[in-house]
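Asker: Please work out how this folds:
(one chain, ligands or ions: 1)
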Amino acid sequence: MNTDTTPPDFWSHVDVAGGPDACWPWMLRRHVRGYGRLSYKGFRAYAHVVAFVSSGGVLTPDRPWVLHSCDNPCCCNPRHLRAGTPKDNADDREKRCRSKKRARSDFSLMVKRSGTSTPYFGVSARGKRFRAYFNAGRNQVFIGTFDTAIEAAHARDAAVMIEYGGKMALNFPVPK
Ligand SMILES: [Zn+2]
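Answerer: Residues are numbered from 1 along each chain as shown. Next comes the predicted model:
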């Protein structure tokens with residue numbers, strides 16, 4: 001991942017009015033969990049990850065996660081972002097006493113998708129139908145094509161529950 005994946009107008013969508021130490025919220029589309037989202041050149045990405053990488057941050061296989069020190073998912077201020085491990089993320093979360101229900105990863109590498117992204121995990125739109133899939137390592141596992149995004153999102157949830165137990169974020173978390 002490099003700056004080729006940063007849209008030229010990226011920073012114009014970040015609200016930096018608060019000054020260098022404030023949170024810089026992403027002003028366009030948000031993910032259901034609060035992360036800024038964008039699509040560019042066929043890639044779908046989280047705004048904070050683009051902000052991190054385009055300001056010189058480096059993600060490596062042993063530190064593939066972009067973590068927020070401010071716990072503000074839409075924040076794109078590189079001073080509040082750092083690379084870390086899944087364990088760092090879990091530790092941060094514990095420190096901040098996040099609820100289990102909101103637990104999820106800050107992890108995001110850009111993945112080439114087919115079709116247009118939707119607000120749901122593992123669902124992309126293709127023509128008038130919706131494609132459900134999940135990622136297993138480097139592979140994308142195709143589940144099926146559905147008439148509505150919600151059906152596809154439920155199918156994707158069911159598939160990852162079977163494949164990963166409760167370990168992956170769900171579109172429709174089951175209350176414990
Ligand atoms: Zn922040």
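
Asker: Give me the residue ranges of the chain where confidence is low.
Answerer: For the chain, residues meeting the criterion pLDDT under 70 lie at 1-5, 32, 42-43, 86, 90, 93-115, 137-139, 166, 174-176.

Asker: repeat that with 90
Answerer: By pLDDT under 90, the low-scoring segments of the chain are 1-8, 28-47, 49-50, 53-54, 56-73, 83-176.

Asker: got the residue ranges for the strands in it?
Answerer: Along the chain, counting by DSSP state E, strands occupy 37-40, 43-46, 65-68, 81-84, 111-112, 116-117, 123-126, 129-136, 139-146.

Asker: Tell me which of these sits nearest to L59.
Answerer: L59 lies closest, by Cβ to Cβ, to one member of the strands of the chain: strand 81-84, at 5.4 Å. (Each C-beta comes from the backbone N, C-alpha and C, glycine too.)

Asker: Which residues does that closest one contact?
Answerer: Residues from elsewhere that reach strand 81-84 (Cβ atoms under 8 Å, 6 or more residues apart in numbering): 48, 51-52, 57-60, 63-69, 75, 92.

Asker: check contacts around E151.
Answerer: F130.

Asker: surely T85 meets T60?
Answerer: No - T85 lies out of contact with T60 (Cβ atoms under 8 Å); the separation is 10.1 Å.

Asker: Which one's more surrounded, the two?
Answerer: More neighbours surround T85 than the other of T85 and T60, with 14 against 7 (other Cβ atoms under 10 Å).
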